[in-house]
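Peer 1: From the sequence below, what's the structure:
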Amino acid sequence: MKIAVDAFGGDNAPLSVIRGAHDAAREYGVNIILTGDKDIIEKCAADNKIDLAGIEIRHTDSVFDMHDKPTDILKSKRGTSLGLAMDLVANGEADAFVSAGSTGAIMAGATFIVKRIKGIERPAIGTVIPTMTDRKLLLMDAGANAECRPEMLRQFGIMASLYLENVEGINNPEIGLLNIGTEDTKGGPLQIEAYKLLKESPVNFVGNIEARELPAGVCDAVISDGFTGNVVLKLYEGVASNMMKLIKRTLMSTFRSKIAALLAKKSLYSLKDKMNYDDIGGAPLLGVKKPVIKAHGSSNADAIKNAIRQAKICAENDVAGKISADLQKIAADEK
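Peer 2: Below you'll find the predicted structure:
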């Protein structure tokens, strides 16, 4: 199992990426190929006492900048650390891809370098968000496709279901459609038609889900167009971050509240861990021929390590192959 990792993707690269790759190689037994400037990678590892034994480095001194156009990854920026890692997956030298770099570039590279699964209109990002229960919720699409057609949402639902079954181990996952009401007549033309298609699809469709129900964990995955999904995701992140700050400020405001905070310290840390994306690792870009994992731009070493774990599980369970086979079966049944 070889996983190509963009060593210079993300705000904390290359140190966090190198450390995360080192930890993943030893904990999960995967072979890592780091792409990027060999001299910088080796110096960074030496300065921080990170053993690179067993980790391969593919050299390129070019980096995809966040200000570059996403489509540049297909031509002028193909030789960057991100582009090189994509090429390794596309030509079969690596089994999966991980990067905390530009979402747009990863989307473009996955679609046109790794390439879409036959029959998939557009790949989509599936992001796991925490809930008030032990149930985690997959939000899809979380930002790859601002504009969607009903058939695309249907495909997102099928891919989400297969991902949850094969990677998260959820039997017969419940799939909902994000909408402004629970009735089947709610929403615009996109939601109304997507509801009909999902209802007829081979997934456990539980109907429309309102945004206020998401934190309660009422289903295993919620389907949306990328624009709405990304707005929900960013609002979710903002509320969670500011709520933790508000709790801290309130508990530190008086002597009595400080004593209460000390007594509740263990529970408060548990709450903080529940909202921590580092344990999840990254978001899969579903609908392409090989596993592509987009890690958060501010990922630390633990997040990178867990993103690599996700990539390993996707590759081992052949999620892309199962999505392809399922779509072919559906197409044959509909003829």
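
Peer 1: going forward, measure contacts between C-alpha atoms and count neighbours the same way
Peer 2: Will do.

Peer 1: my guess is Thr111 contacts Pro123, does it?
Peer 2: Yes: A contact is recorded between Thr111 and Pro123 when judged using C-alpha atoms under 8 Å, the distance being 7.1 Å.

Peer 1: could you give the mean pLDDT of stretch 42-55?
Peer 2: Per-residue pLDDT values over stretch 42-55 give a mean of 95.

Peer 1: Likewise for stretch 72-90?
Peer 2: The average pLDDT for stretch 72-90 rounds to 96.

Peer 1: What of stretch 319-326?
Peer 2: Along stretch 319-326, the predicted local confidence has a mean pLDDT of 89.

Peer 1: hang on, the earlier thing: so Thr111 and Pro123 - more neighbours on which side?
Peer 2: A side-by-side neighbour count of Thr111 and Pro123, using other C-alpha atoms under 10 Å, places Pro123 first with 25 against 18.

Peer 1: Show me the strands in this protein, by range?
Peer 2: Secondary structure of the chain (DSSP state E): strands at 2-6, 31-36, 56-59, 96-99, 124-129, 137-140, 174-179, 204-210, 221-223, 282-286, 292-295.

Peer 1: Which residue ranges make up each domain of this structure?
Peer 2: For the chain, whose domains are defined here by automatic domain parsing, the residue ranges read 1-120+287-321, 124-277.

Peer 1: For the last one, what is the distance to the chain centroid?
Peer 2: The offset between the C-alpha centroid of domain 124-277 and the centroid of the whole chain comes to 13 Å, using C-alpha atoms, centre = their mean, to the nearest Å.

Peer 1: Please list all residues in contact with Pro150.
Peer 2: 190-191, 193-194, 197 (C-alpha atoms under 8 Å, 6 or more residues apart in numbering).

Peer 1: and the residue nearest in space to the middle of the chain, what are its bridge partners?
Peer 2: Centroid-nearest residue in the chain, with C-alpha atoms, centre = their mean: Ala283, separated by 0.3 Å. With DSSP bridges as the criterion, Ala283 is bridged to Lys294.

Peer 1: Relative to Gly20, how far out is it?
Peer 2: Counting by C-alpha to C-alpha, to the nearest Å, the separation of Ala283 from Gly20 is 16 Å.

Peer 1: Low-confidence regions, the stretch 201-335 of the chain specifically.
Peer 2: Filtered on pLDDT under 70, the stretch 201-335 of the chain yields the residue ranges 271-279, 335.

Peer 1: Kindly recompute the last result at 90.
Peer 2: Screening the stretch 201-335 of the chain residue by residue with the criterion pLDDT under 90, one finds the ranges 234, 236-252, 255-282, 296-298, 322-323, 325-335.

Peer 1: residue ranges for the helices of it, please.
Peer 2: Using DSSP state H, counting those that start in this stretch, the helices assigned to the stretch 201-335 of the chain run over residues 226-251, 255-263, 265-274, 301-316, 319-334.

Peer 1: Would you format those as a markdown table with distance to Asn48 and mean neighbour count included?
Peer 2: Listed next are the helices of the stretch 201-335 of the chain as a markdown table, based on distance: least, C-alpha to C-alpha, whole Å; neighbours: other C-alpha atoms under 10 Å:
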| stretch | distance to Asn48 | mean neighbour count |
| --- | --- | --- |
| helix 226-251 | 30 | 15 |
| helix 255-263 | 34 | 13 |
| helix 265-274 | 26 | 13 |
| helix 301-316 | 13 | 25 |
| helix 319-334 | 36 | 15 |
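
Peer 1: Between Thr111 and Pro123, which contacts overlap?
Peer 2: Each of Val288 lies in contact with both Thr111 and Pro123 under the rule C-alpha under 8 Å, 6+ apart.

Peer 1: Which residue is the nearest non-sequential neighbour of Ile209?
Peer 2: Using C-alpha to C-alpha, 6 or more residues apart in numbering and skipping the chain neighbours, the partner closest in space to Ile209 is Leu178 (4.9 Å).

Peer 1: And that neighbour, how far from Ile120?
Peer 2: Applying C-alpha to C-alpha, the value for Leu178 to Ile120 is 21 Å.

Peer 1: So if I had to pick from these two, which one is more boxed in?
Peer 2: For the pair Leu178 and Ile120, the greater number of neighbours falls to Leu178 (27 against 19), based on other C-alpha under 10 Å.

Peer 1: quick one: contacts for that one?
Peer 2: With contact taken as C-alpha under 8 Å, 6+ apart, Leu178 is in contact with 208-211, 222-224.
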